[in-house]
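[1] Pasted the sequence and its predicted model underneath.
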Amino acid sequence: RHPFPVNSQGHLEIGGVDAVNLANEYGTPLYVYDVSLIRKNARSFVEAFKKSGVEAKVAYASKAFSSIAMLQVIKQEGLCLDVVSEGELYTAIQAGFPRDRIHMHGNNKSSQELEMAIEESIGCIVLDNFYEIELLGELLKKHDKKIDVLMRVTPGIESKTHQYIITGHEDSKFGFNLKNGQAEEAFQFIQNYPAITFKGLHCHIGSQIFEPDRFLNAAEVLFEELANWKKTYNYIPEVLNLGGGFGIRYTADDVPMPYEEYVYALVEQVKEHAAALEMPMPEIWMEPGRAIVGNTGITLYTIGSMKSIPEVREYISVDGGMTDNLRPALYGAKYEAVIANKADQPPIKEVSVAGKCCESGDMLIWDLPVPEVHANDILAVFSTGAYGYSMASHYNRLAKPAVVFVENGNAKLVVRRESYKDVVQNDLSYL
Ligand code: LLP
């Protein structure tokens, strides 16, 4: 089921550390990441490209979970980094991330964000729209600098995932449309700016996608465009970035392929297309976020009040909720969980796990099989490593939880728990 063992006390273990001890020591709610799993996921992409013998870059999409410690691990593993805002870029800089390995995304990059990217000489900017081409061109002139760019295009592919996380369909706020000639127009427009070095195309078709065919179709559509550009402009791309979006297991309904297999399938596809067009093999770039951190993190909660509605449902409430994991409320996302201090006990009934926010939609899990549960038991929810902390909020003025990294039996606090002083720190008095 989940990748974490149960120790002789019947407690859940993560990274060789007893989860119940972690809850006692650091308090709850608590995000806990097994760093060795982060490394394993990162390496599975990098090694697969190495084995397939092509030039490639794997960038971790830091929106999934960004913190200084996290980016230090990504840096250590030799990956590149995808940032989508000044805040994510700032975090990368604070983590000492090599600038030339940073790529910047965003559908509305401000001039301040672009200037920071230019001043820091980051590796690549992914251009999203006409306004941005002009803005970047002017800013480069002002700073007398050059920068490498990719062009984000929407291949017109619908992917089978939640409507909020599809991005590659035609009616998308991201990127230049391929079908109506917009991308080609952008290609021509970029030629007006010699400081913009145009390296190739980017597309990201969505998130939590399982079918490899979707990625292969996207590559095919990109090559249709590239065939035109080769014929008309003799343009040969150096880079093809196929984005992220590889699905992970949240529940038994999710069956991901090993990431290596996506990589091999894509490499083969790109090789064939490049050969057909008689062009050299471009570098392949990828940007997984969730696939690198999603299954490596769990959230620990303390169970508090309970409510039974006879013949309807039993509710158990935890000390967090939509403030630390928005995904169930926003996407109807499903999770698995165990009682960490009774991880060896078989389930005897089902309960539904409620968050503590004043909102009926704040339900973390419906119908979770559990053994007998009591107040002060510790609930461990699995696969909360991606888009948990990064989408956390202060709703109901809850303070954001702490984050602990564990590896080989050692635990280290890497994000402090917020205090209520932190929560009100920017409030100013009116009277
Ligand atoms: N590259 C681009 C351009 C993206 O827009 C995204 C995600 C990624 C890479 C990384 O996708 P991943 O490999 O993590 O699926 N908050 C949502 C996910 C939003 C993803 C947005 N873009 C969720 O919790 O499911």
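    That came through fine. Since this is a predicted model, take the numbers as computed values, not measurements.
[2] State which one residue of the stretch 101-250 of the chain is found closest to the ligand.
    Closest to the ligand within the stretch 101-250 of the chain is residue 244: 2.8 Å, counting by Cβ to the nearest ligand atom. (Glycine included, C-beta is placed from N, CA and C.)
[3] Tell me which stretches of this structure form helices.
    Secondary structure of the chain by DSSP state H: the helices cover 19-26, 35-52, 68-76, 86-94, 111-119, 130-143, 182-190, 212-233, 259-276, 290-293, 327-331, 420-424.
[4] hey, C-alpha coordinates of the fourth one in PDB?
    The one in question is helix 86-94. Presented in PDB, the C-alpha positions along helix 86-94 are these (Å, rounded to 0.1, in the frame of the first residue of the first chain):
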ATOM      1  CA  GLU A  86       9.900  35.900  -7.700                       C
ATOM      2  CA  GLY A  87       9.200  34.100  -4.300                       C
ATOM      3  CA  GLU A  88      10.200  30.700  -5.700                       C
ATOM      4  CA  LEU A  89      13.300  32.300  -7.300                       C
ATOM      5  CA  TYR A  90      14.100  34.100  -4.100                       C
ATOM      6  CA  THR A  91      13.900  30.800  -2.200                       C
ATOM      7  CA  ALA A  92      16.200  29.100  -4.800                       C
ATOM      8  CA  ILE A  93      18.700  31.900  -4.300                       C
ATOM      9  CA  GLN A  94      18.500  31.600  -0.500                       C
END
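[5] Quick one: work out the angle between it and helix 111-119.
    Orientation check (axes from the mean of the first three to the mean of the last three Cα atoms, to 10 degrees): helix 86-94 against helix 111-119 gives 30 degrees.
[6] Repeat that for the third one.
    Orientation of helix 68-76 against helix 111-119 (the same axes, to 10 degrees) gives an angle of 40 degrees.
[7] mind listing what's buried in helix 68-76?
    The neighbour-count check on helix 68-76 (16 or more other Cβ atoms under 10 Å) flags 69, 70, 71, 72, 73, 74, 75 as buried.
[8] Repeat that for stretch 105-118.
    Result for stretch 105-118 [16+ other Cβ under 10 Å]: buried residues 105, 106, 109, 113, 114, 115, 116, 117, 118.
[9] How about the residues of the stretch 201-350 of the chain by the ligand?
    Residues of the stretch 201-350 of the chain lying close to the ligand (Cβ under 6 Å from any ligand atom) are 204, 207-208, 243-246, 287-291, 327.
[10] Next step: those restricted to strands.
    With DSSP state E as the criterion, strands contain none of these.
[11] Domain-wise, how is the protein divided?
    By the assignment in automatic domain parsing, the chain contains the domains 13-34+294-417, 105-288.
[12] need these in a markdown table with mean pLDDT, can you?
    Shown next, in a markdown table, are the domains of the chain (pLDDT from 0 to 100):
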| stretch | mean pLDDT |
| --- | --- |
| domain 13-34+294-417 | 98 |
| domain 105-288 | 93 |
